[in-house]
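K.L.:
pasted the sequence and its predicted model underneath.
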Amino acid sequence: MALLKMKFTQQRRVRLAQGLWLLSWMAVLCGSFVFSLGVYLKIELLRRAEVMENTEIHVVPNILMLVGLASIGTNWMAGRVCQDSLDPSRFPRWKVFLLGWYAVAALICCLLVAVVVLSYALQGRLEESLKVGLRNGIRFYKDTDVPGRCFQKETIDRLQMEFRCCGNTNFRDWFEVQWVSNRYLDYTSKDIKDRIRSNIDGRYLLDGVPFSCCNPASPRPCLQYHLTDNNAHYNYEFQNEELNLYNRGCREALIDYYMGLMNSTGPGVLSVILIQMSVLLSLRYLQTSVEGATTQEQPEGDSEGFLLEKGVKETLEEAKVKILLLLKFGQVDPSAADGSPDAEKAPPSSS
Amino acid sequence: MPFLPVKFDLQKRVKLAQGLWILYWLSVAAGALLLGLGVFFKVELRKRSELMDQSESHLLPNLLILAGLLACALNAFGGKVCHDSLDPLKYSKWKPGLRRFLLLCCAFNALLLLLALLCFLLQFAVYLTLSRGLKNSIRFYKDTDTPGRCFMKRTLDLTQIEFRCCGNVNFRDWFEVQWISNRYLDMSDGQVKDRVLSNVDGKFLMDSVPFSCCNPGSPRPCIQHHLTNNSAHYDYDHRVEELNIWTRGCREALFSYFSGLMTGVGVLVAATVLLQCADMAGLKYLSTALETMSDPENPECESEGWLLEKSVKETLVETLAKIKTLGKSNHVQEGDQEGQA
């Protein structure tokens, strides 16, 4: 009892082949779309690699790129198979590859589903990675004379200006680190000496933020220093001031950005999955109907196309039997070797 | 004696028609590109119009959009004519209008040349507009409570950040205006009163710049205030300091951006003119080749194509004579009327 049998006239077979040819070229375009999506995502992640501690999130664009390339290859092959399908002399040479092709196409669909799932599942890991990366970035902000860290200041400044954010969780993160290098501190000044002595680690901490935290939309020229001191500035109340600096933390800003990127690609990836599935099913129908037509006396006549020759259960059992046979083939020889020495030993003991 | 004659057989005519069809569609793409660039330029001007006193001239982008649309239409029509040219039935539809079409293309080419010239000449106007507009922007920076100017601060800050520039000519322009609003100045403070009284206009002037002038590439946290006072900051010499704030003026930065854009557009327009000339020449050859077929019923016959029926001199003389007769016919009519009266 074949699964989802359909009757195919010659006309229908020709139509199916033409339609599938177009569909497979559309699927090639979709594959290149997925590939370019992966490349774009990877470039965006690499651009901010300095504030990320690990690269676990890179698995999403890597899979997208791999799947894109594989999809281009398999769908191009599907197009070639279509072209040859209505020519009985050229079609048989593709028969060998078709089982493998179905496996690869199914794998592509599974990987695409996995990508969508991963992009949600890895959000927590991305957040952790950004937390540590930004914390280090803020700590090393002042080290513009240390090789390997000298561009940290510029990176963090540009990041804060571009993403309109300040600090890791919020602007108070800047109060907890010394972000002014010792090279620019006048140690003879009493004010500075007091500040350094006021904490255990001997760091110069202040309630100020770098200029890149300033919000251009504020009606007032930016207040960077003495932020918690209402008396330091005229007509200033620290608790009510909202527009002076960016309120959002850079971790939140970056997560929103990357999640937005990955979510917006979600529908595109899902439609690629649909197209790939339809190519797979159509090719199976084309293969079975063309094979059915060639085995008949009248190649131009009607034939039947189906998805599976027998039902789902029977096909699975057959596949299980085949696999066990392959496994047993490895086991049969040792047991035959045991059997013959035992048979030789047994008769002498009995007599 | 025709100008630049070429002999055509059927093969050559077909090849010419096909090549010309591709060339026409390339010209349509060029026209679409012109249209896109015109729209982009218009949007960019709108974005920066606040910095140019809203008095910038939109002549160039409007002309570009018009030229792009015309180019697309004319070249699509030309492509259609090429497509139909090898079918005598379809071609006879277009044949009568071809002369007028070629004249129209000539006029359009002249317009495009004018446009290319404008692209280079209007850069001066943009420079002057920018200069004046930026001066006013810096003056109105503090007026965040005045309707119509409340976004000037944000626009100027974002522009200085984006274009990595400070002030009009350079950062000293900020020393000459009061860029802190009176709302945030404590007028009872002695220092503030001193500063305000120290100049004729009663403005609160300082040797400071807004935060958007800061250069993120500086190894040192940004020094915004007391820029000319070496003793106000540790280890600071304002004459040697280069990385602290942007040294370029926004006029120069914005002008180089717009002039780059306009020069690119000018080059593209010049290239489109060349493409259009090639199109016109090809169409002239094709139409004359189809007209001079010795045996219209036999498509395989040979024919001759040319650019001008007579040599360049004779054609010019004829054209001048035609124009004169057109003028004279008016005179003759007037003379007749006078005579009758």
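P.N.:
Perfect, I can see it now.
K.L.:
from the chain's centroid, how far away is stretch B:1-9?
P.N.:
Distance of stretch B:1-9 from the chain centroid (C-alpha atoms, centre = their mean, to the nearest Å) equals 39 Å.
K.L.:
ok, and for it, which residues are buried?
P.N.:
Residues B:5, B:8 are the ones in stretch B:1-9 that count as buried (16 or more other C-beta atoms under 10 Å in any protein chain shown). C-betas here are computed from N, CA, C, even on glycine.
K.L.:
quote the end-to-end distance of it.
P.N.:
One end of stretch B:1-9 to the other measures 20 Å (C-alpha to C-alpha, to the nearest Å).
K.L.:
pull the residues that contact that stretch.
P.N.:
Contacts with stretch B:1-9, where a contact means C-beta atoms under 8 Å, 6 or more residues apart in numbering or on different chains, come from B:16, B:285, B:289, B:300, B:302-312, B:315.
K.L.:
out of those, which are buried?
P.N.:
B:16, B:285, B:289, B:302-308.
K.L.:
among these, which are in strands?
P.N.:
B:303-305 (DSSP state E).
K.L.:
okay, the residues you listed in TSV with distance to A:Ile196 next?
P.N.:
TSV is the format used below for those (distance: C-beta to C-beta, whole Å):
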residue	distance to A:Ile196
B:Ser303	96
B:Glu304	96
B:Gly305	90
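K.L.:
what is the nearest of those to B:Leu130?
P.N.:
Distance to B:Leu130, by C-beta to C-beta, is smallest for B:Gly305 among those, at 51.4 Å.
K.L.:
how close does that closest one get to chain A?
P.N.:
In this view, B:Gly305 and chain A are 40 Å apart by C-beta to the nearest C-beta, to the nearest Å.
K.L.:
how close does that residue get to A:Thr228?
P.N.:
86 Å (C-beta to C-beta, to the nearest Å).
K.L.:
quick revisit: ok, which pair from the buried ones among the contacts of stretch B:1-9 is furthest apart?
P.N.:
Farthest-apart pair in those is B:Glu302 and B:Leu308; separation 20.5 Å (C-beta to C-beta).
K.L.:
what about the residue nearest to A:Val51 when sequence neighbours are not counted, which helix or strand?
P.N.:
The shortest distance from A:Val51 to any non-neighbouring residue, by C-beta to C-beta, 6 or more residues apart in numbering or on different chains, is to A:Gly133 (4.1 Å). With secondary structure defined by DSSP states H and E, A:Gly133 is part of helix A:123-139.
K.L.:
can you spell out which helices and strands pack onto that helix?
P.N.:
Using 3 or more C-beta pairs under 8 Å, 6 or more residues apart in numbering or on different chains; DSSP states H and E, the elements in contact with helix A:123-139 are helix A:152-163, helix A:250-295.
K.L.:
okay, the ones you listed, which one's buried deepest?
P.N.:
Highest mean neighbour count among these (mean count of other C-beta atoms under 10 Å in any protein chain shown): helix A:152-163, with a mean of 20.
K.L.:
mind giving me the packing neighbours of it?
P.N.:
Taking 3+ C-beta pairs under 8 Å, 6+ apart as the contact cut, helix A:152-163 packs with helix A:123-139, helix A:250-295.
K.L.:
just to revisit the earlier point, quick check, nearest of the contacts of stretch B:1-9 to chain A?
P.N.:
B:Leu16 (32.3 Å; C-beta to the nearest C-beta).
K.L.:
tell me the contacts of the closest one?
P.N.:
So B:Leu16 contacts B:8, B:282, B:285-286, B:289 (C-beta under 8 Å, 6+ apart).
K.L.:
possible to save those residues as TSV with pLDDT?
P.N.:
Shown next, in TSV, are the contacts of B:Leu16 (pLDDT from 0 to 100):
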residue	pLDDT
B:Phe8	83
B:Gly282	92
B:Tyr285	90
B:Leu286	89
B:Ala289	86
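K.L.:
before we move on, back to that, of the helices and strands packed on helix A:123-139, which approaches A:Pro221 most closely?
P.N.:
Closest among those, once you apply C-beta to C-beta, is helix A:152-163, at 16.7 Å.
K.L.:
need the next SSE after the closest one, C-terminal direction.
P.N.:
Counting by DSSP H and E, the next helix or strand C-terminal to helix A:152-163 is helix A:190-197.
K.L.:
chain A contacts on the stretch 101-250 of chain B?
P.N.:
B:144-145, B:150, B:153-154, B:157-158, B:161, B:179-181, B:183-186, B:189, B:210-212, B:214, B:216-222, B:224, B:233-235 (C-beta under 8 Å from any C-beta of the partner chain).
K.L.:
now, the residues you listed that are in helices?
P.N.:
Secondary structure assignment by DSSP state H places B:153-154, B:157-158, B:161 of these in helices.
K.L.:
least reliable of the helices and strands packed on helix A:152-163 going by mean pLDDT?
P.N.:
Least confident of those, judged by mean pLDDT, is helix A:250-295 with a mean of 90.
K.L.:
just name whatever secondary elements that helix is in contact with.
P.N.:
With contacts defined as 3+ C-beta pairs under 8 Å, 6+ apart, helix A:250-295 has these neighbours: strand A:6-8, helix A:10-47, helix A:59-85, helix A:92-121, helix A:123-139, helix A:152-163, strand A:303-305.
K.L.:
go with 7 Å
P.N.:
Helices and strands touching helix A:250-295, by 3 or more C-beta pairs under 7 Å, 6 or more residues apart in numbering or on different chains; DSSP states H and E, are helix A:10-47, helix A:59-85, helix A:92-121, helix A:123-139, helix A:152-163, strand A:303-305.
K.L.:
turn these into CSV, including distance to A:Gln276.
P.N.:
Converted to CSV, the helices and strands packed on helix A:250-295 look like this (distance: least, C-beta to C-beta, whole Å):
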stretch, distance to A:Gln276
helix A:10-47, 6
helix A:59-85, 7
helix A:92-121, 5
helix A:123-139, 26
helix A:152-163, 35
strand A:303-305, 19
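K.L.:
what residue in the stretch 251-351 of chain A comes nearest to chain B?
P.N.:
Of all residues in the stretch 251-351 of chain A, A:Ala253 sits closest to chain B, at 16.6 Å by C-beta to the nearest C-beta.
K.L.:
ok, the buried ones among the contacts of stretch B:1-9 vs B:Asn168, which is closest?
P.N.:
B:Leu307 (53.8 Å).
K.L.:
list the contacts of the closest one.
P.N.:
B:3-4, B:281, B:284 (C-beta atoms under 7 Å, 6 or more residues apart in numbering or on different chains).
K.L.:
ok, the closest residue to B:Glu241 other than its chain neighbours - how many residues close by?
P.N.:
Once flanking residues are discounted, B:Glu241 sits nearest to B:Ile223: 7.9 Å by C-beta to C-beta, 6+ apart. By other C-beta atoms under 10 Å in any protein chain shown, 20 other residues sit near B:Ile223.
K.L.:
give me the distance between B:Ile223 and B:Ser57.
P.N.:
In this view, B:Ile223 and B:Ser57 are 39 Å apart by C-beta to C-beta.
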